[in-house]
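# need a structure here:
(chains A, B and C)
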Amino acid sequence: MIRLSKVKTDPVENLKRHAEAIGEAVKQAIKPDRVTVEYPRERRKYPECFRGFIVFDKEKCISCFRCAQICPANAIQMEYFDKAYPGIDYAKCIFCHFCVDSCPTGALNTSKVHDVAFKSMDEMKLSTKQITKVPEIVREEKQTVEYYVDRNVWKLVRKKELDRLEVPPKPVKVKERKAACTEPESCLGCRLCANVCPQNAIKVEKCEVSIDEEVTGTGCILQIQTDLCTGCGLCVRQCPMQILTLEEVGE
Amino acid sequence: MMDIINYLFETFSSNMMDIPLIAPIVDYLMKIPVINVLVALILWKPFFAVIIMPGLGVLVLYLLYVVWYERKLTARIQWRVGPLEVARPIRGAIQALADGIRYFFQEAIVHREAHRPYYVQLPILAFIPVLLPIMFIPAGSAVGIYTPYSIQLIVTFIALIPITIVAIGWAANSRFAYIGSVREAFMYFAYEVPFIIAVISMIFLYGSGDAYVAVEKQSAIPGALLNPIAFIVYIIAMLMATSRLPFEIPEADQEIAFGPFVEYSGILFGLVMVLAYEKLYIMTLLFTILFLGGWSGLYCPLLGDLNGPLWMFIKTIVVISILVIVRSIYARYRLDQALRIGWTSMLALSIAALVVGGALGVWLS
Amino acid sequence: MDEYVLDIPVEPPKELRSLFIPIPPEYVEDTYKSDDFLILVGPQHPGSGHMRLIVRVKGDIIQEVIPDPGYVHRSMEKLAENRLYIQNIPLVERPAIMDAPNFNLGYVRAIEEALDVEVPERAKYIRTMLAELGRVGTHLYDAAILAVFIGHTTGFMYPFALRELICEALVRLTGARFTSSFIIPGGVRRDADESTLKWIYDMTLAMERRLKSFERIFINNPTVIARLQDVGVLSKEEAIKYGVVGPFLRASGVEYDVRKVEPYEAYDDLAWDMPVSDAGDGYARFLVRVNEVGQSLSIIRQCIKEMPEGRVISEQIAENGNDIRGSFYDSLSNIVLPSGEYTTLTEGARGTIVFSIVSDGESNVPYRLRIVSPGWLYLRGFMESMKGERLADLQAIYGSFGYFPPEADR
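Residues are numbered from 1 along each chain as shown, chains lettered A, B, ... in the order given. Here you go, the predicted model:
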């Protein structure tokens, strides 16, 4: 335990402290340890994991709605084209990147862009088309600045080369999963899963059911076409009987 | 009509600055009618001292310089860059000018509670005690009005400045301005007594209130070494008087938001803001005369009479440039602590300086 | 000097009635009758922050201070009741921007306690490091605010420049400068690579060196000592009575630190000291925090040196132990806590943070989330310490407590 007590304030001690303070100021005036980054003229180098403008890859998207549902700020709204794709409202986005981490296919990716100006609030609502690539920004900077530290110094290292603002997409290490039905006999036939499926991979058909010879009737049979299924899990979340699940397939 | 002009020309040309460097141009211009009166007027020693150097002309230049320099130095000590974007090639050197222009075109608001006539007049009236001392400050052979009591006169005018600041606070009629005025009044008494005693000790030392005598006596050893105690007291009193940082109590912006000047805006704020800088300039001129040997310095024959004012100006600027560093070193004292410093240690030091000054004065004479 | 009571009819100023101040009109009348004066400091004042202080002064001496907080109240507890457990993480770190890791940690630990999740060792070390980075950042921020309150401009600029190193460390580690939302139930979102850890290690050393400049020009500055020493004194008994927490409690001589008393994460395995001061004045409160910065930097270095290998996310949460990317939604969105109340104590930079989650056992949002932030806890002691001081000391005491209205108001 460090025990501190009152500092002494006798005149000799005070004069020493005055001298120290003045000495430090004079030292800095002569040889300043300047750390200013002159921002529009030079840009900080940020690491690959920097959480910036979110870039969307339409090819990889499976319309699973995970990003829209995890967003704590409700900033993502889905737009319907042939499938549903996310658009981001940057008036609401808090850059927590829960959506990027939620995306099972890596369709959402970060970038190092952090300085986009919008003319109005309406413009901040970016549609899917606008987030498929890094927005056009005017690069005024002539050099890139990096903070260099070692045991003794902290200084700015300026390099002539410009930083790439795009971040190469990283593969996602998730096992591929497909929808499967655990209890087909419990199916109600409500067809919510079939309606919600973006790939039309689920078919619910009426069929004759017979438990024994006396009890017969019509029931439903649920068919999942595994070759079409992307494993988005929308049907799993929709099913009122909770009989659908995501099962791991292969590696 | 011609008689008057001729009379004026005679008066001016009989007492002109002799500067060998520009002598050919002056000689050429003196042959042209009308213009020769103007040239003679500009080079007339009293006019030159008051209006050009070390008077109003360089005062404006100094204001532009010191506002920029102070910000730049503070930024340097604080690991920053400081004003840069106005005229980037010269490192933002005309930032103060840009600020001045902005103040000029900003609306000067007079709020409802203010005493309107005084509120508008006082920032301008405050310039009287600030600028009048220039008349009596000699620089070499150039002097506005010569008097053997110049040092006393300058001190008198400096002592008048806080009264206008208190009046500004009263006319603004706001709580913060009121508190600021009271603080200014308290501080006034705390620094004025040691300050005047320190100056008196130097007058004792030189045996005269005449700036010429003071400078002449310092030809061998500067006053700062003759009476170092008075030197220290004068510097601290100068920091207090111009409310620079350890004693920036009347204007404390975190506590009372610029004190007496809280309600001002536009060009009126520009005027009251430079008041402290002008006071600093006047006090540093006196400081140069009393402690640093005034206008004496290396004589350059090419400059002739300009040597005196130039040396005076250079010394003043150097002193101010060193002084503004305190802004980035110190925190603000509380009012009672500043008053304690003023009434105990500084008063004691100034009396010690008086004794030293008196003894040395007797010994020197 | 004797005081004479003069029976002069005084009328309190009329605007006091229209300002909605939380004091009864009788109090105002009583103040004006007893020759006192009411001063409203804030909420629009360069030295008050987002709060109003109703100061009753006699001459220049403060008689009583009544706080009027709540100007930045955001009803965090109610908002939390409508969000998934995981979506509350960005919300709970918002109160104190720089101290976000500690708030995040406290909330996540409450969830882990409920779910009985075992956190991997490596994740514990990374969390400890993050928490200490947040602590250093907050202390620097508070030092800067203290400096500007007593008029020291260099003392304002240096800590903010130094805080840039903390921000850079957080960027390299988490991707965001602050409010990183990096700590999740069962670990942290991503593993830290070797080069980042080395950078942070070097950063702490470089920062210590730069702190020496700050020490010479601000901490040991005679004017600073003159302003803060013997100002706003809270004795040991008073500090305990008024429920002061954190470094401010330790500055009054009470040896209490949640990290020592109920160690969480990796604090038990690391060697560090608790700075305690006996003086209890403004300067002691500042010095305790200055010493804590040194200790925190040492903790960060130890964390990096002794960091074990392995997963950073628990097996109970995700299969991939190094990066939550891809399985964030599937593993964390559907958390349902068993019914009950779960409370954690966390030592934030400004003191003890209490998180209490009440779960009904079936919904995926909290039934009730109680956040008690340190600012709210020491507000009383802060107000009491100002009694008997000069009005000009109000800002100095304010700065010495590092009071942060958004944190207290939540």
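# From here on, just use CA atoms for contacts and neighbour counts.
Noted.
# mind checking the end-to-end distance for stretch C:187-199?
End-to-end span of stretch C:187-199 (C-alpha to C-alpha, to the nearest Å): 22 Å.
# Could I get the average pLDDT for that stretch?
Mean per-residue pLDDT for stretch C:187-199: 88.
# Not counting that stretch itself, show me its contacts.
By C-alpha atoms under 8 Å, 6 or more residues apart in numbering or on different chains, the residues outside stretch C:187-199 that reach it are A:149-150, C:119-120, C:123-124, C:126-127, C:169, C:172-174, C:182-183, C:304, C:311-314, C:322-325.
# Now the buried members of those.
Burial by neighbour count, 16 or more other C-alpha atoms under 10 Å in any protein chain shown: within these this picks out A:149-150, C:119-120, C:123-124, C:126-127, C:169, C:172-174, C:182-183, C:304, C:311-314, C:322-325.
# and whatever residue of the stretch 151-300 of chain C ends up closest to chain A, how far is that from chain B?
Of all residues in the stretch 151-300 of chain C, C:Gly175 sits closest to chain A, at 4.0 Å by C-alpha to the nearest C-alpha. From C:Gly175 across to chain B, the span is 26 Å (C-alpha to the nearest C-alpha, to the nearest Å).
# doesn't A:Glu214 fall inside a helix?
No. The assignment for A:Glu214, made by DSSP: H, G, I helix; E, B strand; the rest coil, is coil rather than a helix.
# Mark which of the contacts of stretch C:187-199 are part of strands, please.
In strands, judged by DSSP state E, the following of the contacts of stretch C:187-199 are found: A:Val149, C:Ile183.
# Just to be sure, which of the contacts of stretch C:187-199 are found in helices?
Here DSSP state H is the test, and the contacts of stretch C:187-199 give C:Ala123, C:Lys124, C:Ile126, C:Arg127, C:Ala169, C:Arg172, C:Leu173, C:Thr174, C:Ile304 as lying in helices.
# Nearest residue to the second one in space, please, no chain neighbours.
The one in question is C:Lys124. Nearest non-adjacent residue to C:Lys124, counting by C-alpha to C-alpha, 6 or more residues apart in numbering or on different chains: C:Glu265, 5.1 Å away.
# My guess is the one you found contacts C:Tyr125. True?
Yes. Between C:Glu265 and C:Tyr125 there is a contact at 7.1 Å, judged by C-alpha atoms under 8 Å.
# what domains does the record give for the chain?
All of this refers to chain A. Domains of chain A are assigned by automatic domain parsing as A:39-159, A:177-248.
# that's the other chain; I wanted chain C
Per the record, chain C has its domains at C:15-68, C:77-409, by automatic domain parsing.
# can you give me the end-to-end distance of the last one?
If I follow you right, that is domain C:77-409. Length of domain C:77-409, first residue to last, C-alpha to C-alpha: 11 Å.
# Distance from the chain centre to it, please.
From the chain centre to the centre of domain C:77-409 is a distance of 6 Å (C-alpha atoms, centre = their mean, to the nearest Å).
# Contact residues of chain B facing chain A?
For chain B, the contact set with chain A under C-alpha under 8 Å from any C-alpha of the partner chain comprises B:Leu73, B:Arg76, B:Ile77, B:Gln78, B:Trp79, B:Arg80, B:Val81, B:Ile325, B:Ser328, B:Ile329.
# Could I get those in a markdown table, plus columns for distance to C:Val72?
As requested, those are arranged in a markdown table below (distance: C-alpha to C-alpha, whole Å):
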| residue | distance to C:Val72 |
| --- | --- |
| B:Leu73 | 37 |
| B:Arg76 | 36 |
| B:Ile77 | 35 |
| B:Gln78 | 31 |
| B:Trp79 | 33 |
| B:Arg80 | 32 |
| B:Val81 | 34 |
| B:Ile325 | 38 |
| B:Ser328 | 33 |
| B:Ile329 | 34 |
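# re earlier: and of the domains of chain A, who's closest to B:Ile236?
In terms of C-alpha to C-alpha, the element of the domains of chain A nearest to B:Ile236 is domain A:39-159, at 36.3 Å.
# Please compute how far that closest one lies from its chain's middle.
Mean C-alpha position of domain A:39-159 versus that of the full chain (C-alpha atoms, centre = their mean) differs by 8 Å.
# How about stretch C:25-35?
The gap between where stretch C:25-35 is centred and where its chain is centred comes out at 36 Å by C-alpha atoms, centre = their mean.
# buried stuff in that stretch?
C:Val28, C:Thr31, C:Tyr32, C:Lys33.
# who's in contact with the residue most central in space within chain A?
Nearest to the centroid of the C-alpha atoms of chain A, with distances taken as C-alpha atoms, centre = their mean, sits A:Val100, at 2.3 Å. A:Val100 sits next to A:Ile54, A:Cys67, A:Gly106, A:Leu108, A:Asn109, A:Thr110, C:Arg325, C:Gly326 when contact means C-alpha under 8 Å, 6+ apart.
# Surely the third one touches A:Val174?
Read that as A:Gly106. No. If you go by C-alpha under 8 Å, A:Gly106 and A:Val174 don't touch, sitting 9.9 Å apart.
# Counting neighbours, go ahead and name the busier of those two.
A count of neighbours by other C-alpha atoms under 10 Å in any protein chain shown puts A:Gly106 above the other of A:Gly106 and A:Val174, at 21 against 17.
# which residue packs closest to that one, ignoring adjacent ones?
Nearest residue to A:Gly106 in three dimensions, chain neighbours excluded: A:Val172, at 5.8 Å (C-alpha to C-alpha, 6+ apart).
# Could you measure from the closest residue to chain C within the stretch 51-200 of chain B over to B:Arg175?
Closest contact between the stretch 51-200 of chain B and chain C, by C-alpha to the nearest C-alpha, is at B:Gln78 (5.5 Å). From B:Gln78 across to B:Arg175, the span is 33 Å (C-alpha to C-alpha).
# mind checking pLDDT for the residue nearest the centre of chain C?
Centroid-nearest residue in chain C, with C-alpha atoms, centre = their mean: C:Arg350, separated by 3.2 Å. What the model reports as pLDDT for C:Arg350 is 88.
# Ok, the one 5 residues further on next?
Model confidence at C:Phe355, given as pLDDT, is 91.
# Am I right that it is in a strand?
Yes. C:Phe355 forms part of a strand when assessed by three-state DSSP.
# what bridges to it?
Listed by DSSP bridges, the beta-bridge partners for C:Phe355 are C:Thr344, C:Ile371.
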